[in-house]
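S.K.: next come a sequence and a model predicted from it.
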Amino acid sequence: MIFATTGSQMPFDRLIRVVDEWAATHPEKKIVAQIGVTDLVPANLETRTTMPPSEFAQLVADAELVVGHAGMGTILTAFRHGTPVLVLPRRGDLQETRNDHQFATARRLADRPGLHVALDEASLLAALDRLSGCDRPEPIPPHASDELIDFIRGFVQGHREGSTPNTPS
Amino acid sequence: MSRLTTRNTRPRILAVASGGGHWVQLMRLRPAFEDADVTYVTVQATSKEDVPETSTFLVVPDATRWDRFRLVRMALRLFWIVLRSRPDVVISTGAAPGYFALRFGRWLGARTMWIDSIANAEELSMSATRIRPHATMVLSQWEDVAERTGVEYHGAVL
């Protein structure tokens, strides 16, 4: 099963159209698509508008490939479940998001195992051919880096140290 | 007397994020909140299933910066939440709800931390830039962005 998703914030018709087009020539593939609130009616996809996080995570975990925008919810969830993820960055000039920051995100994360970037619709279509059934990357741990966790914990507990006297050990 | 009971020395945290990637990043920080009483705030009711039962979970109306009416409703609701929960620490990974929570938290004496989304790989987000003068601590998840902008870097959610 391939899971296509536009993320929780807004639709991404340009992405879904390409996946729908690819699906037309691959009727043997089951494709589930979370497409957001949109007028687009894909002919070849099983669609949903939105879904709760647990169901989203389950579909990501079950999929052989996730196809989405270069949003961190999509990318981190795919990394967490060791599912290859193919992303098409949203374009600011098409009002798909506020600016081109998804290109920067995609570029800087492109060397992470399991992340595949398509910069336009033609390369997305080609990548779909190449990637369905590709190898799964190693899942990432469930939590942030130890460095970040420790720093935040120190900040949080700084209050305790500041408000109560140190007790001798 | 109160100092002898752990309960009274546990810091109160207000942990705030909007939906999607901001929420997913906040969830990856959960181990940092052990030994604290946490109130989670986000925009989607279904996100409740991600937080431990021992924590409080609250929802605020969603809004983008283009929708002023909904932004005001979000701000009012967050003001009420900050007033009621009296946090020692307010932490956010973005975006609009975090901005309001940090502003109001600071007014009421909380220490505040903004962790800019890892999606902001080349420059700080607009929310980070706006909250910066009012926050105790602003982190970027990219070392070079932190260096260039003068905020701190202490690792990333990834």
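M.R.: Ah, there it is.

S.K.: what about the nearest residue to residue B:116 once chain neighbours are set aside, which helix or strand?
M.R.: Leaving out its chain neighbours, the residue that sits closest to residue B:116 by Cβ to Cβ, 6 or more residues apart in numbering or on different chains is residue B:128, at 4.4 Å. Just so you know, the C-beta spots here come from the backbone N, C-alpha and C atoms, and that holds for glycine as well. Assigned by DSSP states H and E, residue B:128 belongs to helix B:126-131.

S.K.: same for that helix, what does it pack against?
M.R.: With contacts taken as 3 or more Cβ pairs under 8 Å, 6 or more residues apart in numbering or on different chains; DSSP states H and E, helix B:126-131 sits against helix B:96-107, strand B:111-115.

S.K.: the last one versus helix B:96-107: what angle between them?
M.R.: Pointing back at strand B:111-115 there. Computed by axes from the mean of the first three to the mean of the last three Cα atoms, to 10 degrees, the angle separating strand B:111-115 from helix B:96-107 equals 160 degrees.

S.K.: strand partners (parallel or antiparallel) of strand B:111-115?
M.R.: strand B:89-94 (parallel), strand B:137-139 (parallel) (DSSP bridges).

S.K.: would you mind finding the most buried of the ones you listed?
M.R.: strand B:89-94 (a mean of 28; mean count of other Cβ atoms under 10 Å in any protein chain shown).

S.K.: for that one, the averaged confidence score.
M.R.: Across strand B:89-94, pLDDT averages out at 98.

S.K.: now the end-to-end length of stretch A:36-46.
M.R.: Distance between the two ends of stretch A:36-46: 13 Å, counting by Cα to Cα, to the nearest Å.

S.K.: ok, and what's touching it?
M.R.: With contact meaning Cβ atoms under 8 Å, 6 or more residues apart in numbering or on different chains, stretch A:36-46 is reached by A:4, A:6-7, A:9-13, A:16-17, A:19-20, A:23-24, A:27, A:30-33, A:35, A:49-50.

S.K.: for the residue nearest to residue B:116, give me its contacts.
M.R.: Residue B:128 neighbours (Cβ under 8 Å, 6+ apart): B:94, B:114, B:116, B:120, B:138, B:140, B:151.

S.K.: now the strands for chain B?
M.R.: Using DSSP state E, the strands found in chain B span residues B:12-17, B:37-42, B:56-59, B:89-94, B:111-115, B:137-139.

S.K.: run me through the strand neighbours of the third one, direction for each.
M.R.: According to DSSP bridges, strand B:56-59 forms sheet pairs with strand B:37-42 (parallel).

S.K.: run a quick neighbour tally on residue A:15.
M.R.: Around residue A:15 there are 26 other residues, counting by other Cβ atoms under 10 Å in any protein chain shown.
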